[in-house]
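[1] let's see this in three dimensions:
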Amino acid sequence: MKALYLVEHGAADKAFSLRETTKPVPKAGEVLIEVEGFGLNFADIMARKGQYRDAPPLPSIIGYDVVGKIARTGAGVTGLLEGDRVTAMTRFGGYAEYALTDARAVSKIKTDAEITEVAALTTQFCTAYYSAAEMVNLFEGDVVVIHSAAGGVGSALLQYALHKKCEVIATTGSSSKVELIKNAGAHHVIDTSKDDFDEVVMEITKGEGADVIFDAVGADFIRKGVQCLAAGGRIVCYGAASMNDATNIFSQVVSGLQFGIYHPAVFMMNSKSMLGVNMLRLADKKPLTLKRCLDNVVHLYEQGVFKPAKGKVFKASEIAEAHRQMESRQSTGKTVCVWE
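    You can find the predicted model right below:
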């Protein structure tokens, strides 16, 4: 089979090599998927740059989610048959014509479902669902701040928060995406390239602050977010896009310090919480939790609650261009590469 290997860290043009490799064989509890297409995630960008500590050593096959058909099942697998079309989370290995994964990280989908929509369900929408439905429980009337609301996870969080009848304050660092987010239903949109979001949040809430903040940016967004939480407020951290701009060790240290330093007493005294989400770690340690989230996400998708934006499709041979497009932060919807 063919696979795209990450062979060096750095620019997308030089990072990948298309190679022939042995098709994997599923062990007990695993399935082998004939990959129709694999999705790109921000973690792919971090892995390519050598900034993702969980990534395997070079040369390696990265990739965290795929869409395809079950090619073979391992012993003990039930509920999945050869030929079933599925969306799945992979523990790396997604950038290949065949991908191996735990059967509990797989959910069946309709044969005619659009690939960029269902590719978004596993990582982006599962992250959103786990963050909003399991890490915190959103209630009607909650004031919810969603950073990077035009992104994959951000747009899923926006849809879920509106479904729960929350008041949504969405942010974006791109002026061109303000109208897109407004049209998606956000009650307020803050362009962080022009305004400090914490000041605007406090103005909107008349000094009370937000009940929940979902943060994928990191750095001083975390520090400012903690400051504008209401009593009982929770900030959920599921990414660190700011680190993508840190090009050397000095800028990485500076970005890291911007997160702030906290003592538990600060949170206890104000009844506030800071929560972290890492879906790969969850998949490793709590596969049944991942299965529950994925099945619920697919159900909400079929109900029309979750409506992933159609993304852009590249050929697998265009992997460098796909990485550049995603890294530009100008993309909307899920970026997918398909095998020719």
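
[2] could you chop the chain up by domain?
    2-114+310-338, 124-279 (automatic domain parsing).

[3] and the ones you listed, which one is worst for confidence?
    Across the domains of the chain, domain 124-279 has the smallest mean pLDDT, namely a mean of 86.

[4] how many neighbouring residues does A103 have?
    When counting by other C-beta atoms under 10 Å, one arrives at 22 neighbours for A103. Every residue, glycine included, has its C-beta placed from N, CA and C.

[5] residues in contact with it?
    29-31, 73-74, 77, 79-80 (C-beta atoms under 8 Å, 6 or more residues apart in numbering).

[6] compare these and tell me which is most surrounded.
    Using other C-beta under 10 Å as the neighbour criterion, V31 leads those with 24 neighbours.

[7] could you say which helix or strand holds that one?
    strand 30-39 (DSSP states H and E).

[8] doesn't G185 lie inside a strand?
    No: going by DSSP: H, G, I helix; E, B strand; the rest coil, the assignment for G185 is coil, not a strand.

[9] list the contacts of stretch 178-188.
    146, 149-150, 155, 158-159, 162, 167-170, 172, 189, 191, 200, 204, 332.

[10] what are the buried residues along that stretch?
    178, 180-181, 184, 186, 188 (16 or more other C-beta atoms under 10 Å).

[11] follow-up on the earlier one: can you name every helix or strand that the strand holding V31 contacts?
    strand 65-73, strand 85-89, strand 98-102, helix 115-120, strand 336-338 (3 or more C-beta pairs under 8 Å, 6 or more residues apart in numbering; DSSP states H and E).

[12] so how many other residues sit close to the closest residue in space to E34 that isn't next to it in sequence?
    The shortest distance from E34 to any non-neighbouring residue, by C-beta to C-beta, 6 or more residues apart in numbering, is to A71 (4.3 Å). Counted by other C-beta under 10 Å, the residues lying close to A71 total 18.

[13] follow-up on the earlier one: how about TSV for the helices and strands packed on strand 30-39, with distance to A316 added?
    Listed next are the helices and strands packed on strand 30-39 as TSV, based on distance: least, C-beta to C-beta, whole Å:
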stretch	distance to A316
strand 65-73	12
strand 85-89	17
strand 98-102	13
helix 115-120	13
strand 336-338	5
